[in-house]
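> dropping a prediction and its sequence here:
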Amino acid sequence: MIRCKSLATLAFLFLFSGASCLFAQEAQQELNAFLKSHCADCHMNGASEGGLDLEQLSQNLGEVATFAKWERLYDRVRTEEMPPKDSEQPTKSDRQEFLRLLNYPLTVAHDKSKGTVLRRLNRREYENTMNDLFG
């Protein structure tokens, strides 16, 4: 059982490891189904309310602007700001499944973009560090 879980995990990570697109095919289909049923009226088929056209939205989460749009989309669905109250609302399970599918690629893309910046301490910072360590 443990071996099957680790193989499944490796397969899952392999699917999401692409540089240009971090969405797995199955996840992409489910995400598209959610977007078409709950977002198409305002953000597809030529409509781009709020400046968001989902048909033109790239899946390359390595691009800062694209990542920001997907992150904003995730946040708006999570806080139930979208879809708007006057339109048909997704079920709680549909909303949670959408967020679950979108969470992993966003997390992976964010982790890839973060980098640790190494720099030297200036004289004052070094003195303060030594004073903190040795009194």
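Thanks, I have it. Numbers count the residues shown, from 1 in each chain.
> for the rest of this, base every contact and every neighbour count on C-alpha atoms.
Noted.
> neighbours of residue 131, just the number please.
Using other C-alpha atoms under 10 Å, residue 131 has 10 other residues around it.
> check what pLDDT it gets.
Listed pLDDT for residue 131 reads 95.
> measure it to residue 125 for me?
To residue 125, residue 131 is 10 Å away according to C-alpha to C-alpha, to the nearest Å.
> over to residue 40?
Counting by C-alpha to C-alpha, the gap from residue 40 to residue 125 is 54 Å.
> stretch 97-111: which residues count as buried?
Neighbour-count burial for stretch 97-111, counted by 16 or more other C-alpha atoms under 10 Å, picks out 97, 98, 99, 101, 102, 105, 106, 108, 109, 110.
> switch those residues over to JSON lines; also include secondary structure and pLDDT.
Formatted as JSON lines, the buried residues of stretch 97-111 follow (DSSP: H, G, I helix; E, B strand; the rest coil; pLDDT from 0 to 100):
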{"residue": "97", "secondary structure": "helix", "pLDDT": "94"}
{"residue": "98", "secondary structure": "helix", "pLDDT": "93"}
{"residue": "99", "secondary structure": "helix", "pLDDT": "94"}
{"residue": "101", "secondary structure": "helix", "pLDDT": "93"}
{"residue": "102", "secondary structure": "helix", "pLDDT": "93"}
{"residue": "105", "secondary structure": "helix", "pLDDT": "92"}
{"residue": "106", "secondary structure": "helix", "pLDDT": "93"}
{"residue": "108", "secondary structure": "helix", "pLDDT": "90"}
{"residue": "109", "secondary structure": "helix", "pLDDT": "90"}
{"residue": "110", "secondary structure": "helix", "pLDDT": "89"}
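> ok, residue 40 and residue 125, which is more surrounded?
Each of residue 40 and residue 125 has its neighbours counted (other C-alpha under 10 Å); residue 40 has more, 19 against 11.
> now the chain, which segments are flagged as low pLDDT?
Along the chain, segments meeting pLDDT under 70 span 1-23.
> my guess is residue 90 meets residue 39, correct?
No: using C-alpha atoms under 8 Å, residue 90 is not in contact with residue 39, being 10.4 Å away.
> just give the number of residues close to residue 39.
A count of neighbours around residue 39, defined by other C-alpha under 10 Å, yields 19.
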